[in-house]
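S.K.: 3D, please:
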Amino acid sequence: MKIKWLGHSCFLITSSAGVRILTDPFDSTVGYKVPEVEADIVTTSHDHYDHNYVKAVKGEFVHLHTAGQHNVKGIEITGVDTFHDEAGGSKRGNNIVFTFLVDGIKICHLGDLGHILTDGQLEQIGQTDILLLPVGGTYTIDYMQATELATIMNPRLVIPMHYKTPVMNFNIDGVDKFLDNKVSVQSLDSPELEVSLDSLHSLAEVVVLDYE
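M.R.: As a prediction, this is how the structure comes out:
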């Protein structure tokens, strides 16, 4: 399986069989190159312009934007209802956490999660191998909450997302605050990581991808 970070909260996940999953595509106002890529499955965590720009996606794809159980092209996908803020959605609305079972590896994309997950939500999500974790704060959980949540969820691998970079237009924190005091960190000069069940054991606990 390959995981490619296209910037912000957008990842292209490609299974060994070639099934392509795109998460939270964004428009040009975000600052990164708009992800005009082909996909078989597109998930959007919520209906904001920096997470739902599906018209940029090419090919014939299934768009998932609701909670519940889904099975598309052999990929088991679960959507779990959460909130975009710490006030039950009253400030920024709802958010869907998606999990994907790809090549025997469970990936969890937290979207624009704005709070620490409840026990019930954690139970619905289940044990996760790879956690795609927002760390920039302001519009999502901040670096301290992200650290707490990573400890609670205890994945094999954390990939940070939704943080400030030189090309990113939002006024949020960079990734450095989250990485501070982390012992096992690897920063790649590539937006793409190839991973298998075996290779997960040899990776750092936190891998920072470069954006495309």
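
S.K.: Going along the chain, name the helices of the protein.
M.R.: Along the chain, counting by DSSP state H, helices occupy 119-125, 143-153, 176-179.

S.K.: Please work out the average pLDDT along the shortest one.
M.R.: Right, helix 176-179. What helix 176-179 shows for mean pLDDT is 98.

S.K.: Can you list the buried residues in it?
M.R.: Buried positions in helix 176-179, judged by neighbour count with 16 or more other C-beta atoms under 10 Å: 177-179. Every residue, glycine included, has its C-beta placed from N, CA and C.

S.K.: cool, the first one as well?
M.R.: Applying a neighbour-count criterion of 16+ other C-beta under 10 Å, the buried positions in helix 119-125 are 121-122, 124-125.

S.K.: quick one, strands of this protein?
M.R.: In the chain, the segments counted as strands under DSSP state E are 2-7, 10-14, 20-23, 41-43, 62-64, 68-72, 75-83, 94-102, 105-109, 130-134, 157-161, 185-187, 192-194, 206-208.

S.K.: could those strands be laid out in TSV, adding mean neighbour count?
M.R.: Rendered in TSV, the data for those read as follows (neighbours: other C-beta atoms under 10 Å):
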stretch	mean neighbour count
strand 2-7	22
strand 10-14	24
strand 20-23	26
strand 41-43	24
strand 62-64	16
strand 68-72	12
strand 75-83	19
strand 94-102	23
strand 105-109	23
strand 130-134	27
strand 157-161	25
strand 185-187	14
strand 192-194	16
strand 206-208	20
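
S.K.: Ok, which of these comes nearest Tyr32?
M.R.: Closest approach to Tyr32 among those is made by strand 2-7 (3.1 Å; C-beta to C-beta).

S.K.: Next one, pLDDT for the closest residue in space to Pro160 that isn't next to it in sequence please.
M.R.: Spatially, and ignoring its direct neighbours in sequence, Pro160 is nearest to Val135 (4.7 Å; C-beta to C-beta, 6 or more residues apart in numbering). Val135 carries a pLDDT value of 98.

S.K.: what does Glu148 give?
M.R.: Per-residue confidence (pLDDT) for Glu148: 97.

S.K.: For the spatially closest residue to it that is not a sequence neighbour, give its distance to Gly31.
M.R.: Nearest residue to Glu148, sequence neighbours excluded (C-beta to C-beta, 6+ apart): Ile116, at 6.4 Å. To Gly31, Ile116 is 28 Å away according to C-beta to C-beta, to the nearest Å.
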